[in-house]
Each structure stands twice: as structure tokens, then as C-alpha cells.
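> Give me coordinates for this.
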Amino acid sequence: MQNSAQPAFILHSRAYRESSALVDFLTPQGRLRAVLRGARGKAGTLARPFVPVEVEFRGRGELKNVGRLEAAGIPRWLHGEALFSGLYLNELILRLLPAEDPHPVLFDHYAATLEALAAGRALEPLLRAFEWRLLDELGYGFALAEDLHGQPVVVGQLYRLLPDSGLEPVHLLQPGLFQGAELLAMAEADWTAPGALSAAKRLMRQALAPHLGGRPLVSRELFMTLKEPPRD
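Numbering: from 1, shown residues only. Predicted coordinates:
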């Protein structure tokens, strides 16, 4: 079987047999895995993350073959914290997005996020927006401006997240709670509100955790290592 070419980004690649690579692609048709033959040649220079490509897949099975791979557009060169942020996005997609499950909106959001990272925009709002989009696309999203009972979130109220249900109002202090004001700021993407960004990071970690199966994210650990001060 031969499919028409489609836009794609490479999420991850690794050596496969003597001169091939096993490559995970993100396309508008979902996450696809394919064998890229001759990966040590010209094609191999394209088999890097964040390079927009046009790819033609062949084969009916879950593991396809790359029939054609060409550059398409301007590569997003990421450095430092932006690079680790991009690797984090790729790992989230690899871990959470089912194979061959079309998500064209997520593909467009990913491309726009890479462009924003390459342009040097603030990392935290970009990461939180992508995490939210990914959860929503996978059917795990929840309302930020109303609780799980359908009542509006109240500024002075405390809430906890029930990942399968949504936000539940609580009246006793306990770890991991969120202020109503923080949640309303998140709903409006108002990152100037005090505590909104740090609360959004905690909220997304809680929301993602059940879907990651308890395994830590390698990119997150690398990112934390990067931010650690050097030891004497």
C-alpha cells in the first residue's frame, strides 16, 4: 500500500538493523512509526526532532516504511531550556497519544508551539497550554471555571482535582489544593495573576500523572538536571 505524502515532525529516532532507523512521526493523522532505510545517508540528516518534513508512508501494518522523506519549511532550532521543553513535548506525545489516532488540531498546536519556543517566548505558558491541549484532545480535559457539580468556581473557595471527574470544592486544608482565583486565572490564560503559573504547573502534573502509569518522564529529569546549580 502507498499513501500520499503528508506533513510531519519527527518525535524520536533510533538505529535499526545495519543502516536503518526506527522513527516515530507526528502527523495530522496521528503518531506513526516507520522504518527509514539508508538513515546514515542524506535521509538521516532529516531524521531529527523539530525538523518539519513531508513524508510518504508505505505498508498496512502498524510498523510502516518511509517511501519518501523531504524537508518542508524552516527547521525549528531549539537551544538550552527551549530544547529540553521540546523534548518534553515529544515524550508526552510518545507516551500518551495512541498510534494512528488522528489529531490534526494537536498537530497544528505542536507546530505553533515549536515556532514559539524557537522564537524565545516564555516557556511555562507554552508548556501549560500544550499540556492542556493534549489532555483535551485525548478526552481527559475538564472545566476550569466550574466544578464537577456544574457550579461556577468561586474566588475564595479551595478545590482539589479528581482527574477522572474535575474540580471538587473542599473545606478542609490538605496537600495539593488550588485557590479558586488561580483556577479562574488559568481559565482566562491570565499568567500575570499571582500564583497562576505555579498553580497551573501543579494542576497539569496532577492531571497527567494517572495517564503516565507511574513512570517518570526522562525529559523532565534532564530538565531538572539542567536547572540544578553546579556543585563545588
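
> May I have the residues that are in contact with residue 78?
Each residue near residue 78 by CB atoms under 8 Å, 6 or more residues apart in numbering is listed here: 50, 85-86, 114, 117-118. (C-beta placed from N, C-alpha, C; glycine too.)

> how does the chain divide into domains?
Domain segmentation of the chain under automatic domain parsing yields 6-71, 80-227.

> Isn't residue 8 up against residue 29?
No. Counting by CB atoms under 8 Å, residue 8 does not reach residue 29; the two are 9.1 Å apart.

> of those two, who's got more company?
Neighbours per residue, other CB atoms under 10 Å: of residue 8 and residue 29, the larger number sits with residue 8, 25 against 18.

> give me every residue that touches that one.
Neighbouring residues of residue 8 by CB under 8 Å, 6+ apart: 25-27, 32, 52-55.

> give the contact list for the residue positioned nearest the centre of the chain.
Per CA atoms, centre = their mean, the C-alpha nearest to the average position across the chain is that of residue 89, at 3.3 Å. Residue 89 makes contacts with 110, 113-114, 127, 130, as judged by CB under 8 Å, 6+ apart.

> try 6 Å this time
Residues near residue 89 by CB atoms under 6 Å, 6 or more residues apart in numbering: residue 130.

> Report the buried residues of the host helix or strand of it.
Residue 89 belongs to helix 80-96 when assigned by DSSP states H and E. Residues 82-93, 96 are the ones in helix 80-96 that count as buried (16 or more other CB atoms under 10 Å).

> cool, stretch 48-58 as well?
Across stretch 48-58, burial judged by 16+ other CB under 10 Å covers 49-53, 55-57.

> want to try CSV for the residues you listed, with secondary structure and distance to residue 38 as columns?
Shown next, in CSV, are the buried residues of stretch 48-58 (DSSP: H, G, I helix; E, B strand; the rest coil; distance: CB to CB, whole Å):
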residue, secondary structure, distance to residue 38
49, coil, 19
50, coil, 22
51, coil, 17
52, strand, 21
53, strand, 15
55, strand, 14
56, strand, 15
57, strand, 16
